[in-house]
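> What follows is a predicted protein model with its sequence.
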Amino acid sequence: MSNINEDERDFMSVGGEVMLFTIDNAVYGIEVKYVNEIIGIEQITVVPKVPYYIKGVINIRGKVVPIISTRARFGKEEIPYDERTCIIVLEFDGGNQVGMIVDRVREVMVASPEEISVTPTHNNVNTSHYIKNIIENEDGIKLLLNCERLIMDL
Amino acid sequence: MAKFEAGMESMVDMYIFETNSLIEQLDQILMKTENENSFGEEEINEIFRIMHTVKGSSAMMGLENMSHLAHAIEDMFFIIREDNPVISDMRTLYDIVFTASDLLKAEIEILQDEDSEPTDFSEHMQKIKTYAEFLKNGGGDAAPAMTAAAAAPAGAASTAPAPAAGGDEMVTVSVCGDESLTTVKVTFEEDCKMENLRALLVINNIRNECAVLKFEPGDIEDNADTSKIIAEQGFIIHFAPAQTTAEDVISLIGSTMNVKTCDVVSMGGEKKTEVPLSSLTSVKVTFEEECKMENLRALMIVNNIREECELLAFTPEDIETNQSTAAYIKDNGFIVRFKSDYGDDAIMGLIKETANVKSVELMETAVAAAASASAIPSEAQKAEAPAQEAQAAQGTAPAAAEAPKPAAASANAPAPAAQAEKKPADNKAASVKQSLISVNLNKLDQLLNLVGEIVIAESMVTSNPDLKGLRLDNFQKAARQLKKLNSEMQEAVMSIRMVPISGAFNKMTRIVRDMKVKLNKDVELVFEGEDTEVDKSIIDNLNDPLMHMVRNSVDHGIEEDVQDRINAGKPAKGKVTLSAYSSSGDVVIMVSDDGAGMDPEKILDKAERNGVLSKPRYEYTEKEALNLVMLPGFSTNETVTEYSGRGVGMDVVRQNIEKVGGTVSVDSKVGEGTSFIIKIPLSLSIVDGMEVSVGKSIFTIPISQINQSFKLNPNQLLRDTSGNEMIMIFGECYPLIRLYEIYGLDGAETDLYKGIIISVEADGKKACILADELLGEQQVVVKPFAPLLNNYNVKQNGMSGCSILGDGSITIILDVTNII
């Protein structure tokens, strides 16, 4: 846990590149260092007996990569995929890849330290377990996701 | 890896590998000698050599604690070898050495852990030293216990004869001292600035060419102040070239940017230390008559043996630079004088191996001291000991062996008999070594992955949808050829990864040995089929399970009381058998004992008490009852001993084996013994499978688990009282499993008569599976599930992995064992 905290502080103090995507109308961000590639939606092979938000696996150049639906993960209603639906392929330490289905991918922005703020916690309820930081600039508010928790703390 | 100096990290793997195999070798020798209850000269030398190498390489890695420990043992064996004491107290000796080997092993294990501190071995080292003193003092007439020996170390020391190595002297200098290094002083152009970085540039330039590389000041990279020192005093480099010559390295230094001068302070190998001739072994080398350029051939010899020798001199000296020495060598031979820890035989062997060498003759050392001869012949020369004693020993030994001959420098009679005998063995060892290489396992994994990819790519080409309906005779022919080659390649790659299981078995001898002593049981360990080959990754996962099972067998398999065995008409000595054989794609490993066996009723009693029974007791078959011992926390042993009884063991065994896709089962007969049977697939990665479709999904069932497939006949279907469907085949009844039902898949065929029934068998259990249709047989490459999916017990749900098909789609490989 301490590593994550250090990492958080690090991002807070220096900022960095963030990739933005949307689900419904909310804008979320992930640190670019996790993003391996973005691909269009493709045939997903169902893996039985796993939670509903794990949609299955796809073949990315010979690698079998599990795919989660970000919508389902956030407890939102699932909508049919369209031509703007994307899979963001994340890569973690050790070459572990996971794909996230998102509605739309926007752009990559550079977040400066003064735009980044911590997420609030109140009444011992961590309302923002999966949100690492909040980024606010003239375009509005973006929620920076904590990828490790989002993917691994299932 | 803060433990290691910069630049050493790459060596760590190699070091660990090497040291581990050396220590294993040590264990084996000890085990062998313990059985025979005597140390042969060979064995002592071998142990000596092993400890010496461990010491040297540990010192090189900067692991002082390990190097010291190895040194202490080396010293002890030096005494054993030199003084040849009567060792009556063998047990203590073995305990000491075994403990040391365990300590070393444990230390290697924690080496990779960055945070671990070097372990302090001083306590054990004290024990070794005390025992060494005790040995030196004549050894065991009275066979005093360790404590007694420890009580009187001082007395022992004072009465000890002089020539033996002092156990208290801790020599940590690495074997190949600085004498072999070439020293150069580099100066930079005056106005170049940042001398430290330029110096670093020089170092980086020559790093690859140097086997050993040191420089002063040492902290050029981090300390900018060093630039001043370098500007004023120059930059000193000590190095030993790896493949090239020192000259090449020097010219490389000279060609680096901004280097002004590069002066040689001293050349490697030529640096003289004052050593009496008598301490060196001299050999005369002659070359084949026609070979020409004798000076260069001689240089090759020198380069060949330089690394192995502590001290090295040769005549003529200027072979490298002076062409005319060739003629001299041709006429008079080339004389090499050396002192080496590897033993004269080894060095002479090395010289002999060099191209064009005709003969190597041992010359009489000049000073044939008439000192009393040690009982041990020329092998004494291998001793690494503090200089003086070593000189004495080395001076006397050859003299003793060849005493009658004149001390003339001319050719001597062929080497002493002992040497002559040893030589073939040495040569053999050398040739075996050369035909083996050690490869990083990662590279092999990569190779295997590539082969897997090729298999996939092949099916992508040959069963390409574009080809459908075309008549392509030549293409098909070529495709068949490709397929054949691919499967041959696959086999070859697999065979590379195969290692005999004997390595894993041999480790067990040690465990049995320790337990025999501790538990005071007479048990012998027998191997069968230990040359059966298994994939390396499986072997790695076998060590723990095997250990638990062997412990189990010795501890509660074999009867506690010898009388019980005799009463039962069994030999007093218990027998634990480790056997391995391969059968149809699986390797079967059995650990059997001829002990009391397990009583299924007792197991059921206990299971009932522990509340682990999952169905009514009367429904358990004998086999199922026996297999209950694999449940976590289940131990039939009433008392917990050091070795077993905590009920953890068999559970660990099961987990480890299942991790590599294997199964464990137990078989036991009361009064006759117990067998644990492990079944592991020979190779993990490529499976012959039958593809079946269920709705939109494609599953692959390993062919090895399929008995048959058929369309259901209405009269084969039965239903029991609770509505469970069963299918009757040839008078036997099997449960029916609808895949779509257990996996919750949509769009699948639900009509039993339209779908296909596949009868499967795994682990002795049989069942029928309903699928939509059979798609065909194919070789698939198993890819493990991502860790994310493994969190959800996909394995327990009958999915062992996935694979990519020819058209790029993914199939899930089923493991029938976990479905039925």
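Yep, it's here.
> Could you report the neighbour count for the single nearest residue of the stretch 201-350 of chain B relative to chain A?
As assessed by Cβ to the nearest Cβ, chain A sits closest to B:D222 within the stretch 201-350 of chain B, at 23.8 Å. Where C-beta positions appear, they are placed from N, C-alpha and C, glycine not excepted. Other residues lying near B:D222 total 8 when counted by other Cβ atoms under 10 Å in any protein chain shown.
> so it sits in a strand?
No - looking at B:D222 with DSSP: H, G, I helix; E, B strand; the rest coil, it is coil, so not inside a strand.
> quick one, phi psi at it?
Per-residue torsions, B:D222: phi -100, psi -20 (degrees, to the nearest 10).
> for the stretch 451-600 of chain B, what spans make up the strands?
Using DSSP state E, counting those that start in this stretch, the strands of the stretch 451-600 of chain B run over B:498-500, B:523-528, B:533-535, B:574-583, B:586-593.
> Tell me which of the ones you listed sits nearest to A:K63.
Within these, the stretch nearest A:K63 is strand B:533-535; the backing value is 22.3 Å (Cβ to Cβ).
> what packs against that closest one?
Judged by 3 or more Cβ pairs under 8 Å, 6 or more residues apart in numbering or on different chains; DSSP states H and E, the packing partners of strand B:533-535 are helix B:473-497, strand B:498-500.
> Tell me the buried residues in the last one?
Residues B:M498 are the ones in strand B:498-500 that count as buried (16 or more other Cβ atoms under 10 Å in any protein chain shown).
> returning to what we had before: of the helices and strands packed on strand B:533-535, which approaches chain A most closely?
Among these, if distance is taken as Cβ to the nearest Cβ, the winner is helix B:473-497, at 16.2 Å.
> where's stretch B:295-315 relative to the chain centroid, distance-wise?
Averaging C-alpha positions (Cα atoms, centre = their mean, to the nearest Å) puts stretch B:295-315 32 Å from its chain's average.
> mind showing which ranges of chain A have poor pLDDT?
A:1-9, A:121-128, A:152-154 (pLDDT under 70).
> all helices for it, in order.
Using DSSP state H, the helices of chain A run over A:2-14, A:70-73, A:147-152.
> how many neighbours does the closest residue to chain A within chain B have?
Residue nearest to chain A within chain B: B:Y743 (3.4 Å; Cβ to the nearest Cβ). Using other Cβ under 10 Å, B:Y743 is surrounded by 22 other residues.
> quick one on the thing from earlier: and the helices and strands packed on strand B:533-535, which is most packed in?
When those are scored by mean count of other Cβ atoms under 10 Å in any protein chain shown, the highest mean neighbour count falls to strand B:498-500 (a mean of 15).
> That one packs against which elements?
Counting by 3+ Cβ pairs under 8 Å, 6+ apart, strand B:498-500 packs on strand B:533-535, helix B:536-552.
> and of those, who's closest to B:L775?
For B:L775, the closest of those is strand B:533-535, at 28.6 Å, according to Cβ to Cβ.
> buried set for that closest one?
Neighbour-count burial for strand B:533-535, counted by 16+ other Cβ under 10 Å, picks out B:533-535.
> Quick one: mean pLDDT for that strand?
Averaged across strand B:533-535, the pLDDT comes to 81.
> Same question for stretch B:233-252.
For stretch B:233-252, mean pLDDT rounds to 74.
> With stretch B:67-77 instead?
In this model, stretch B:67-77 has a mean pLDDT of 81.
> Around chain B, which positions in chain A sit nearby?
Residues of chain A lying near chain B by Cβ under 8 Å from any Cβ of the partner chain: A:43, A:45-51, A:54, A:57-59, A:62-66, A:68, A:96-98, A:151-152, A:154.
> excluding its backbone neighbours, what's nearest whichever residue of chain A sits closest to chain B?
With Cβ to the nearest Cβ as the measure, A:P48 is the residue of chain A nearest to chain B, at 3.4 Å. Once flanking residues are discounted, A:P48 sits nearest to B:Y743: 3.4 Å by Cβ to Cβ, 6 or more residues apart in numbering or on different chains.
> Can you check the pLDDT for that neighbour?
Reported pLDDT for B:Y743: 89.
> For it, list the residues it contacts.
By Cβ atoms under 8 Å, 6 or more residues apart in numbering or on different chains, the residues touching B:Y743 are A:48-49, B:694, B:697.
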